[in-house]
Structure formats: structure tokens, C-alpha cells
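S.K.: Sequence and computational prediction follow.
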Amino acid sequence: MSLVRVHNFSVSLDGFGTGEGQRLDAPFGHADSRLMEWAVETRTFRDMGIHGESKGSLGVDDAFAGAWRPGIGVEIMGRNKFGPHRGPWEDEEWKGWWGDDPVFHTPVVVLTHHPRPALEMDGGTTFFFVDADPVSALEQARALAGDL
């Protein structure tokens, strides 16, 4: 049976994974990049296309960040990680924060109350938009993950 792993998910001390006021030019809302500063400065995140002033660190944070990809067969994310849009999709041209070749390179189950057709991207990422409870989403993700 596949395993479930939560990895590289930052949460503030008061329990939030993003700030208020998320929008296109502010993916983490008012929290800006503070929740992910530890990761953004790593070589792993630089190699994923996250821009910065250095080539990225190779310390403990990078070792932790770099462990996210091996063995991952599918990712589950909430709609707000996919993009800043709320309610019914007004524009299905939006393809997420990551551009044409998202970093996942796996199927991605996006939990939303407003499903839309699957979105195939470069590099092997396909987003599946499902209106499902977490248990059902996990069952779908396990089926998509195969032996990973």
C-alpha cells in the first residue's frame, strides 16, 4: 500500500498555511514569503525555478527540501495552492502558479468545490480538479500514484 506524506508544508505559529488576501501578485497573501523563506533560499528551490540572489544554500534546509520528490507518485493540494481564484472558474486558461512545466511531474489532485476538466501540462504533471471529501480524494490519489 502507498504511504501518505506531508512534506515542505509551512504553517505559522497560529496555524495558517498562507496569509490573508491571497491574490495573483501575492501567492501567500499578507504573509508574503515569510512562511517559505527557509525553502526559497535552498539550492533545491533554486533548481525548481524559484529566483533569488544566490545559487541557494546546501545546508540542512536544502537536504529536507530536496527529499520531497523521490518516490512521490501524486500530490494532493487545495485549490488555493493551485491559484488565487475563488468560486466558479471564470477563466479556465489559468494553469497555476508554476507556468507550463510545473515542478510536480506527477498527477496532482486539486480539491475544489468547482471541478473543471483535467489539465495536462509539460513534464508529466496533470491536474485533476475534484469535488471530494479528503478520504475520496486520497483514494483517487492512491489509484493515480500506482506503486509510488
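M.R.: All right, it came through fine. A quick note: this is a predicted structure, and the numbers were derived from the prediction, not measured.

S.K.: Surely Val74 is in contact with Thr106?
M.R.: Yes - using C-beta atoms under 8 Å, Val74 is in contact with Thr106, at 5.3 Å. No exception for glycine: its C-beta is placed from N, CA and C like everyone else's.

S.K.: For these two, list the residues in contact with both.
M.R.: 145, 148 (C-beta atoms under 8 Å, 6 or more residues apart in numbering).

S.K.: which of the residues in stretch 83-92 are buried?
M.R.: Judged by neighbour count using 16 or more other C-beta atoms under 10 Å, the buried positions of stretch 83-92 are 83-85.

S.K.: Filter the residues you listed down to the ones in strands?
M.R.: Among the buried residues of stretch 83-92, no residue falls in strands (DSSP state E).

S.K.: Out of the helices and strands in the chain, which is least certain?
M.R.: helix 37-40 (a mean of 78; mean pLDDT, DSSP states H and E).

S.K.: could you point out which element follows it?
M.R.: The C-terminal neighbour of helix 37-40 among helices and strands, as given by DSSP states H and E, is helix 43-47.

S.K.: State the mean pLDDT of that following helix.
M.R.: Computed over helix 43-47, the mean pLDDT rounds to 82.

S.K.: And the buried residues of stretch 83-92, which is closest to Trp97?
M.R.: Gly83 (6.5 Å; C-beta to C-beta).

S.K.: State the distance from that closest one to Trp38.
M.R.: 23 Å (C-beta to C-beta, to the nearest Å).

S.K.: cool, and Met48?
M.R.: 15 Å.

S.K.: follow-up on the earlier one: please point out which parts of the least confident helix or strand of the chain sit buried.
M.R.: 38-40.

S.K.: How far off centre is it?
M.R.: 15 Å (C-alpha atoms, centre = their mean, to the nearest Å).

S.K.: Put the alpha carbons of that helix into CSV.
M.R.: Included here for helix 37-40 are C-alpha records, laid out as CSV according to Å, rounded to 0.1, in the frame of the first residue of the first chain:
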residue,chain,number,x,y,z
GLU,A,37,11.8,31.7,3.5
TRP,A,38,13.6,28.6,4.8
ALA,A,39,12.9,26.8,1.5
VAL,A,40,13.2,29.6,-1.0
